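Novice: Sequence and predicted structure, then a few things I'm wondering about:
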Amino acid sequence: MDPRTLIGPASPLGYPAPFWFVEFFKVLGFSLHMVPMNLWYAGMILVSILQLWGSAHPKRLAHRLINAMPVVVALGINLGIVPLLFTQVAYYRLFYPSTVLMAWPWFSVILLLLPAYYGVYLHAISMRKDWKPKLGLAAGWVAAVLFIAIGFLFANNFSLMVNVRGWADLWRATSVGGAVTGTALNLADPTLWPRWLMMFGLALTTTAVYIVVDTAFFAGRESVEYRQWASGFAPILYTLGLIVFAIMGSWYIFIALAPDARQFMLSQLVLTALTAVAPGLPWLLLVAQRKQVPQTLAWVTGLAQFGVLALNAISRQALQNFDVLRYVDITAEPVKMQWSPLILFLVLFVAGLSVVAWMVSKVIAVERQEHVTT
């Protein structure tokens, strides 16, 4: 069977905006989404481990992480709408067929997210109020496992979206009388596992950087001893994430990728090299802050980590386009501008980010005031 026959038909409506616009906001939205997503992806399991086996300072870090987690999860879910929206706009011919093949696992994301979200709140309330600590800890572990499972399902769908050559086999394996049952998973794809685990390594590094930013801007009421411990723990956690990222990234590039895809990534030498070595800059900045965390250096470290995530998003996008262009030229569709939704999106996007920035500035101002008074 020619796998291209399973690709969805082109829409007569065309694109509502130029392809470059869709690509830009898809990558930007995914980069912004990765910041809070990384924090709950690796942060919840870290909270549960530190609370269960940590001493005074690790338990305090767990307390600070879980206090922030309800807001972090809310931000991550809302920011995730942007890249998902533009994926459906530009890649609908591949996204919807892959989603149909794994319809029930994809639908289960909602069923997994709801108890995970409630688990975060229950764990946070338990730690804030010192109420039913065993129940709170159990809820935290459940939330951590569910978030990791959700990440696995997302990795399945987005790797399946470009694994067009595997669609026919999955359809045959999971169909009944020729009808798709929607129970497929992309488990046979050699890129799935390193892609999923590489994201977890990135999540550990982002969590490490957040610890330093939190210590510099939001921990004014904490003891000097705690802040010194946190600034020393962050580079250790980042190193662990860096090791996972390097091992999984090497597996992904040099073993899992198809030869032509590997050749393409290696031909994009500057982008691939920058993506590979970029985590070294935040790591060096974290090592420089082992004894204390100056706010300026913490800002620079946070921006450097965002650059790491953005480079990863750009590299993923470049490879995704290469994989897709084997089967369909998504750049060739006509553009029929839809100005009213486009303008509304831009206004709400800027307004939303401005509100988040304003909220963060107010929290920083309160922490500075508390630090001065104490």
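Specialist: Now that the structure is in, tell me what you want to look at.

Novice: count of neighbours near residue 302?
Specialist: 20 (other C-beta atoms under 10 Å). Using the backbone N, CA and C atoms, a C-beta is placed for each residue, glycine as well.

Novice: contacting residues around residue 171?
Specialist: Contacts for residue 171 (C-beta atoms under 8 Å, 6 or more residues apart in numbering) come out as 6, 101, 180, 184.

Novice: quick check, nearest of those residues to residue 331?
Specialist: residue 6 (20.5 Å; C-beta to C-beta).

Novice: which SSE is the residue nearest to the closest one when sequence neighbours are not counted in?
Specialist: Using C-beta to C-beta, 6 or more residues apart in numbering and skipping residues adjacent in sequence, the residue nearest residue 6 is residue 167, 4.9 Å away. Element membership for residue 167, per DSSP states H and E: helix 167-174.

Novice: same deal with residue 326?
Specialist: Going by DSSP H and E, residue 326 is not part of any helix or strand.

Novice: measure it to residue 94 for me?
Specialist: Distance of residue 326 to residue 94, computed by C-beta to C-beta, to the nearest Å: 11 Å.

Novice: And for residue 261?
Specialist: Taking C-beta to C-beta, one finds residue 261 at 16 Å from residue 94.

Novice: Name the nearest of the contacts of residue 171 relative to residue 21.
Specialist: Lowest distance from residue 21 to the contacts of residue 171 (C-beta to C-beta) belongs to residue 6, with 28.1 Å.

Novice: tell me the helices in the stretch 201-350 of the chain, going along the chain?
Specialist: 224-251, 259-267, 269-277, 280-287, 295-324, 339-373 (DSSP state H, counting those that start in this stretch).

Novice: With mean pLDDT and distance to residue 27 as extra columns, can I get the ones you listed in TSV?
Specialist: Putting the helices of the stretch 201-350 of the chain into TSV (pLDDT from 0 to 100; distance: least, C-beta to C-beta, whole Å) gives the following:
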stretch	mean pLDDT	distance to residue 27
helix 224-251	95	19
helix 259-267	95	17
helix 269-277	95	12
helix 280-287	94	20
helix 295-324	95	5
helix 339-373	82	14
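
Novice: Could you export the helix holding residue 167 as CSV, keeping only the C-alpha atoms?
Specialist: C-alpha atoms of helix 167-174 as CSV (Å, rounded to 0.1, in the frame of the first residue of the first chain):
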residue,chain,number,x,y,z
TRP,A,167,0.5,3.8,9.4
ALA,A,168,-0.6,0.8,7.2
ASP,A,169,0.9,-1.7,9.6
LEU,A,170,-0.7,-0.1,12.6
TRP,A,171,-4.0,0.0,10.7
ARG,A,172,-3.8,-3.7,9.8
ALA,A,173,-2.8,-4.6,13.4
THR,A,174,-5.6,-2.7,15.1
